[in-house]
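*Asks:* predicted structure and sequence below. I'll ask about it afterward.
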Amino acid sequence: MRYNLISPENFTPEHKQLVENFKEMTRSVSTPSKLILAAKDVHSKFFITNDAGAHHVGLKRGEEITDMFDSDLPCEGVAQFAENFVQEDQQILGSEDTDKNLSILDIYEYHDGLMSFLVSKSVLKHDASQSILGVTLEAMEVRLTDFIGLMPNYFTEFGQSASINKGDRVLQLEDVRLTEYEHEVCFLLTLNWNYKQIANFMNKYRPLPGGDRVADTIYKCVNRIRDKLNITDCNDIRFREMLIHFGVHQKMPPSFFNRLIGSHVLH
């Protein structure tokens, strides 16, 4: 069943009431709650956030964000990456699955300093009219040290700020499907790790019952991936560049993402 995207100027009274209901719920989650709630329209313009969300971007009250875009926020460390957030919104708005959640690790220089948040985005929908009115957002802070401990050189390779999606169980690169294990190897390759480093990491986080992996184990896995992609003549440097071009460094394998988040959400 296909839902239609509806702009605010075309809202029916029922649509407006749904948005108002979300606003009331958002206002009820007040400071000092660590939970951030927010909603945007289909053009990524904010309807509202709660006070906790407002404080992180340099505002005093949640209502102050109404009618702002991410690029309008007074927090430069967030506003300069507005396009990242818009792309996330469009990804969830463009999904055929209206129940889909998008899980993201956002690491940015907020008003409070460098912080990381586990963000869950879903569509704000009105089922009776088969309408999508926008995007809702829930976010909780996670310890930045846990990410650095797991991926110590990520910032060195890709900069201090990042939006990293929780990848699907199967990674799709154009028309080629990679297994979760192959995804894990590819993700670690984008970090510029050599085969021995990847083998050591995998032995720790995905141990084999029959013995440890060695660099040659990873080399053979990479060759299988290259065969799948029909790029057998591609060297390691070019292969890594191709993976980054496909955004693999922004699609963390579910096993890594779940381990990182796990019980480390701050309450």
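*Replies:* Everything's here; your move.

*Asks:* ok, for Ile225, nearest residue in space, not its chain neighbours?
*Replies:* Glu182 (5.4 Å; Cβ to Cβ, 6 or more residues apart in numbering). All C-beta atoms are positioned from the backbone trio N, CA, C, and that covers glycine.

*Asks:* got a list of what that neighbour touches?
*Replies:* If you count contacts by Cβ atoms under 8 Å, 6 or more residues apart in numbering, Glu182 has them with Leu171, Cys221, Arg224, Ile225, Lys228.

*Asks:* Leu137 pairs with what?
*Replies:* Ala38, Lys121 (DSSP bridges).

*Asks:* burial count for it?
*Replies:* Counted with other Cβ atoms under 10 Å, the neighbours of Leu137 add up to 25.

*Asks:* looking at it, it is touching Leu118, isn't it?
*Replies:* No: contact between Leu137 and Leu118 fails when scored by Cβ atoms under 8 Å: they sit 11.2 Å apart.

*Asks:* measure Leu137 to Leu102 for me?
*Replies:* Look at Leu137 and Leu102: by Cβ to Cβ, to the nearest Å, they are 10 Å apart.

*Asks:* shared neighbours, those two?
*Replies:* By Cβ under 8 Å, 6+ apart, the residues touching both Leu137 and Leu102 are Ser120, Lys121.

*Asks:* returning to what we had before: so which of the contacts of Glu182 belong to strands?
*Replies:* For those, membership in strands holds for Leu171, with DSSP state E as the criterion.

*Asks:* rebuild the contacts of Glu182 as CSV, extending it with pLDDT and distance to Ile261.
*Replies:* Below are these laid out as CSV (pLDDT from 0 to 100; distance: Cβ to Cβ, whole Å):
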residue, pLDDT, distance to Ile261
Leu171, 88, 19
Cys221, 94, 26
Arg224, 93, 29
Ile225, 94, 26
Lys228, 92, 29
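
*Asks:* tabulate the contacts of Glu182 (TSV), appending distance to Phe158 and neighbour count.
*Replies:* TSV is the format used below for those (distance: Cβ to Cβ, whole Å; neighbours: other Cβ atoms under 10 Å):
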residue	distance to Phe158	neighbour count
Leu171	18	20
Cys221	23	21
Arg224	26	13
Ile225	21	21
Lys228	25	14
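
*Asks:* phi first, then psi, for the residue nearest the centre of the chain.
*Replies:* Residue closest to the average C-alpha location in the chain (Cα atoms, centre = their mean): Ile104, at 2.2 Å. Dihedral angles phi and psi of Ile104 (degrees, to the nearest 10) take the values phi -140, psi 140.

*Asks:* this completes my enquiry, with thanks.
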